[in-house]
Structure formats: C-alpha cells, structure tokens
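> Predicted structure and sequence below. I'll ask about it afterward.
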Amino acid sequence: MQELDVLIEVLKSKHDIDKESIVKLLTCKESKSIYAAADEVRSCVVGKEVHLRGLIEFSSYCCRTCFYCGLRSANSTLKRYRLEPKEILECASRAVAYGLKTIVLQSGEDKSYSINVLCKIVQAIKGMDVAVTLSIGELKRSEYAELKKAGADRYLLRIETSNENLYNGLHPGMSYKNRVRCLYDLKELGYETGTGCLIGIPGQTIDMLAEDLLFFKKLDADMIGMGPFIPCDGTPLEKSEGGKVDLVYRMMSLTRLFLPEVNMPVTTALGVKDYNGYKNGLMCGANVIMPNMGMSEYKKMYAIYPGKGESINNMENQIENIKKVVFELGRSIGVDYGSRRKTTK
Ligand code: SAM
Ligand code: SF4
C-alpha cells in the first residue's frame, strides 16, 4: 500500500492523524481517493440525509472592520439594510412553510438589536417548531446565556484562521483570544457550536490549514463551515488573490474524515466560485445546504463578497434546484432538526 492510502485508511478508522500527515494529504496530487473516503465516512456516520437550513441575513450593518468582508463598517460605498423583527418572523414562517426545520439568523455585528429583542425573536421562531441557529458574532458570555435560555439551539462563529498572528492582523480591534473565548463559552453553555475557516486568505499557509483542522477537533465542533476567500471591492484585500476551490474540497473531505459526526454545509461562497458547488461539496463530505430565505430585495445587498445572491431567483426554484441535486446523488432531504448525531461518545 502507498503511504497516502495508509494515511487515508488510518483516518477512516481512527479519525486522527498528526499534523505532518494532514499536510501531506492537503498537498498530495491525488484527490479522488480522499474525496471518496470522505463520502464513505459521511454515508456511514451521518447517513444520506441532506439537511436544509433556512438562512435569514437580517442586517448588513456591522461595527467591525474585518479586512476581507464587504460588510465592514469602513466600507462606506455599501447600501445597508436591517429588517424589523416582524419582517424576520415573516421570513422565518415562509421558510417553515417550505418545510425547513432550522432557521439560521445571521447578520453583521449590529448593536441596534438589543439582546432582549433578539431573545423575543428567538422565542417566536421556536414557537414554529424548528431549531434556531444564530450567527451574529462576538457577545459576552451572559448574552450568549440569555439567548440560549430564550431557546437558541446552535451558534455559528468561524475562527476564520486558528493562527493567532494572522487572525489578529486581519481583525483590527478584535482579538484571537476573545474569539476562542466565545467558542468555548458557546460550547459550555450547551449550544451546538459551529466554527470554520476562510480558505486562501492572504498570509495563510498549508501548515495553518492543518492547524485549523486540529483546532476544530480540539473544540469538538458540532458544525464546520468553510469556503474560499473571495476578494471584495471596498476592502483592504480587494486586490488579493482568492481561495482555490480544490483546496476547499480537500479541507472539507479531511474535516469529514477527522470529525466524522459534524454537520457540514456546502457554503454559499463555494457555490459562487463553482457552478457545481452543491454537487461537488455533497460528494466531499457535506451534508447541509443553507437556502437563502431572506427578503429578495436585500439578498444582493448582504454583499460580503461579489457574486453573492445573484443566482438566487425565487425561493421555490432555489429549493427545487437543491432538491434536484440531492436526489440526483441518491440522497434524501432531512425531515427532522438535523442536530449533531453523537455516535462516538
Ligand atoms: N458577523 C458574523 C461573523 O463574522 O461571525 C456573521 C456574518 S459574517 C458575514 C459570516 C462569514 O462570512 C464570516 O465568518 C466569514 O468567514 C465570511 N466572509 C466574510 N467575508 C468573506 C469573503 N470576502 N469571502 C468569503 N467569505 C467571507
Ligand atoms: Fe462584520 Fe462578520 Fe463581516 Fe467581520 S465578517 S465585518 S464581523 S459581518
């Protein structure tokens, strides 16, 4: 057996290898056998169901200035919007009417929604018999606790990069230590906790990506979202090169092999860079897709990067297209909340 085959077999059975071996798997020419191994583990551990999460991007206002993101507060060219609580609930009930079992509320860090108002929104959505995921950035532990008490089930907060120096360089006024604190608070408070990284961000090395995988494992992340960095006008990285989709597929496959139980979406950014992103992502270990259920007039305005929201026409088509890809792969649509299935602990 070749060395790479041995490494893949070890990963398939033990779901653990050292950093040096991860680097080998990230850089080797052979990708098909890594993708196939991830697909096999996905099928054995989380099954053939693909869970649809209804994404509502409820505000494009943000007080942060992350170097890569079009929503950064310093991007004065961006036309901003924020939804009223009533509008958020309307979007959520529309998603529920389409049969979706999870609502994901995402926004920039917009301090104009108080925790109290956010708790009321969460409570109202929980009354629709769905799981609620939040992705609204860094908060105090006590605020995460209040939102959990109001019924929030899950939280997405990417570490973006687990390299402290790179993280601090890309996030003025923020700190790697606080990001990590947030993630461990979320875990301790009982959230299903999602994290992930940007792939191909300037300054990132393969070694750092290998460390990202080790970071996810140490955190025992329940969900991992990864996508290519896409340069965005109006940001300090607008002239940089973007991330490569092949490296994203490699990272997704290794994530499935390394953390077999995670829920892992095909991210929107991947769909923007690869026309067949849904199909290819689902074949590299993914088991989640997040259709955009926000208000159509605002989808393009949540302009994290160029191209976002352009392929979304109407909701029904969006969901039908997703189902077509899923069924063509012989997979099915999840009918329950699609929480993390713990099989190894
Ligand atoms: N504000 C929250 C936060 O940062 O956690 C949630 C919203 S933020 C827009 C969601 C994700 O978008 C970030 O975690 C980041 O990885 C991703 N993102 C931002 N700019 C991007 C870009 N230029 N290319 C690809 N992904 C990007
Ligand atoms: Fe704001 Fe999130 Fe964009 Fe950073 S990544 S600027 S916190 S929306």
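Noted; the coordinates are in hand. Ligands and ions are numbered 1, 2, ... in the order given.
> since we're on the closest residue to L282 other than its chain neighbours, how many residues are nearby?
Distances taken as Cβ to Cβ, 6 or more residues apart in numbering place L329 nearest to L282, at 5.8 Å, with adjacent residues excluded. For every residue, glycine as well, the C-beta is placed using N, CA and C. When neighbours are counted by other Cβ atoms under 10 Å, L329 registers 15.
> what does D5 give?
The number of residues packed near D5 is 12, by other Cβ under 10 Å.
> Pretty sure it sits against A36.
No: counting by Cβ atoms under 8 Å, D5 does not reach A36; the two are 11.4 Å apart.
> show me the contacts for M223.
154, 156, 192-196, 262-265, 288, 340 (Cβ atoms under 8 Å, 6 or more residues apart in numbering).
> Tell me the one among those residues nearest to D16.
V262 (14.4 Å; Cβ to Cβ).
> Mind jotting down where the strands sit in this structure?
Secondary structure of the chain (DSSP state E): strands at 49-59, 102-107, 131-135, 154-156, 192-195, 198-199, 223-224, 227-228, 265-266, 288-289, 332-333.
> Export the first one to PDB, keeping only CA atoms.
Right, strand 49-59. What follows is strand 49-59, C-alpha atoms only, in PDB (Å, rounded to 0.1, in the frame of the first residue of the first chain):
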ATOM      1  CA  GLU A  49     -29.900  12.900   4.500                       C
ATOM      2  CA  VAL A  50     -29.100  16.400   3.500                       C
ATOM      3  CA  HIS A  51     -30.400  19.000   6.000                       C
ATOM      4  CA  LEU A  52     -31.700  22.300   4.700                       C
ATOM      5  CA  ARG A  53     -31.300  25.300   6.900                       C
ATOM      6  CA  GLY A  54     -33.200  28.500   6.100                       C
ATOM      7  CA  LEU A  55     -30.800  31.400   6.200                       C
ATOM      8  CA  ILE A  56     -32.100  34.800   7.000                       C
ATOM      9  CA  GLU A  57     -29.500  37.600   6.700                       C
ATOM     10  CA  PHE A  58     -31.300  40.100   8.700                       C
ATOM     11  CA  SER A  59     -28.900  43.100   8.900                       C
END
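> Excluding residues flanking it in the chain, which one is nearest G227?
In space, G227 is closest to A269, 3.2 Å off (Cβ to Cβ, 6+ apart).
> where does the stretch 201-345 of the chain dip in pLDDT?
Within the stretch 201-345 of the chain, the segments meeting pLDDT under 70 span 310-313, 344-345.
> near ligand 1, which residues of it?
G227, F229, I230, C232, A269, I304, Y305 (Cβ under 6 Å from any ligand atom).
> ok, the first one - contacts?
To tie it back to what came earlier, the one meant is G227. G227 touches G196, L198, I199, G243, V248, T267, T268, A269, L270, counting by Cβ under 8 Å, 6+ apart.
> Tell me the one of those residues nearest ligand 2?
Within the contacts of G227, proximity to ligand 2 (Cβ to the nearest ligand atom) peaks at L198, which comes in at 9.2 Å.
> Tell me how many other residues crowd E241.
10.
> Equivalent analysis for K218, please.
9.
> Next: G99.
Neighbour tally, G99, other Cβ under 10 Å: 11.
> Just the helices from the stretch 1-150 of the chain, written as ranges.
Counting by DSSP state H, counting those that start in this stretch, the stretch 1-150 of the chain has helices at residues 3-14, 19-27, 32-45, 85-97, 115-126, 141-149.
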